[in-house]
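Participant: below are the sequence and a predicted model for it; my questions follow.
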Amino acid sequence: MRISLLLLILSLSGCADKPPALTRESSAGPQVAVIERGLHADLALPVDRIQGAAGLAQLSPQARYLVIGFGDRDYYLSPSGKLVGVFAAFWPGPGALLVTALKTAPEEAFAEDDVIEVPMNQAGFDRIALYVWNSFRLEDGVPRALGEGPYPGSAFYATDRIYGLFDNCNSWVAAGLAEGGVQIDPEGIFLARQIMNRLKAYRQGGAVPSEQTAVEP
């Protein structure tokens, strides 16, 4: 039991992710995609669909997609992040956002099985984009940059969110989807696989969020 708990904490604490690798060609991507990167999940938003949260699109206006993930700031920025990550979930601390600009669709940059396209209308998409934008710490209306990310086209940004076991990288993604009207409960989400399994069930049901579901709080 202790070993299993330690493995869970190690997997969640920093939510590290690997650089994207081209895997296959594909047609146009979805309005919203969720990417499973090991035990960590990211949201991917097409830049040309971002309307209300215009500042988000300006992070990389030439990109096709923005891939955004939430994690522990010390883990993200520390050269010895894996060691820091062991303790991050036990002692909640400042979070950070990792933003990656993609020139291709997510299913072209990641393995096919690691990407789920989520049916979404524009109203629901706008709410997700606003949720992501509101996660940034703004200074004079501009997200506060923390430094370059671990690979080309990526950068770290500050957030006022506190990272911890119950507000982790994967629950952040689930909460964003819920903002868009997707019927997924962020509570109790610890692993990326939980999100992927619930989204597969959601898609199999064929339900697309209605305008009312997507707009009403």
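Facilitator: Noted; the coordinates are in hand.
Participant: what ranges of the protein fall below the confidence cut-off?
Facilitator: 1-30, 79-91, 205-217 (pLDDT under 70).
Participant: would you map the strands across it?
Facilitator: 32-37, 40-46, 65-72, 93-102, 115-118, 138-139, 142-143, 145-148, 154-163 (DSSP state E).
Participant: closest one to Tyr202 among those strands?
Facilitator: Closest to Tyr202 of the strands of the chain, according to Cβ to Cβ: strand 115-118, at 7.8 Å. (Each C-beta comes from the backbone N, C-alpha and C, glycine too.)
Participant: partners of the closest one, with directions?
Facilitator: According to DSSP bridges, strand 115-118 forms sheet pairs with strand 32-37 (antiparallel).
Participant: identify the bridge partners of Tyr163.
Facilitator: Going by DSSP bridges, Tyr163 forms beta bridges with Gly93.
Participant: middle-most residue in the chain, spatially?
Facilitator: Residue closest to the mean C-alpha point of the chain, counted by Cα atoms, centre = their mean, is Asp42 at 2.9 Å.
Participant: next one: the closest residue to Ile162 other than its chain neighbours relative to Asn168, how far apart?
Facilitator: Excluding the flanking residues, the one nearest Ile162 by Cβ to Cβ, 6 or more residues apart in numbering is Pro92, at 5.1 Å. Note on Pro92: its distance to Asn168, by Cβ to Cβ, to the nearest Å, is 10 Å.
Participant: between the two, point out the one with more neighbours.
Facilitator: Asn168 (29 against 15; other Cβ atoms under 10 Å).
Participant: you'd agree the more buried one is up against Leu191?
Facilitator: No: judged on Cβ atoms under 8 Å, Asn168 makes no contact with Leu191 at a distance of 9.2 Å.
Participant: ok, the residue nearest to Ile162 - contacts?
Facilitator: Ile162, Tyr163, Gly164, Leu165, Asp167 (Cβ atoms under 8 Å, 6 or more residues apart in numbering).
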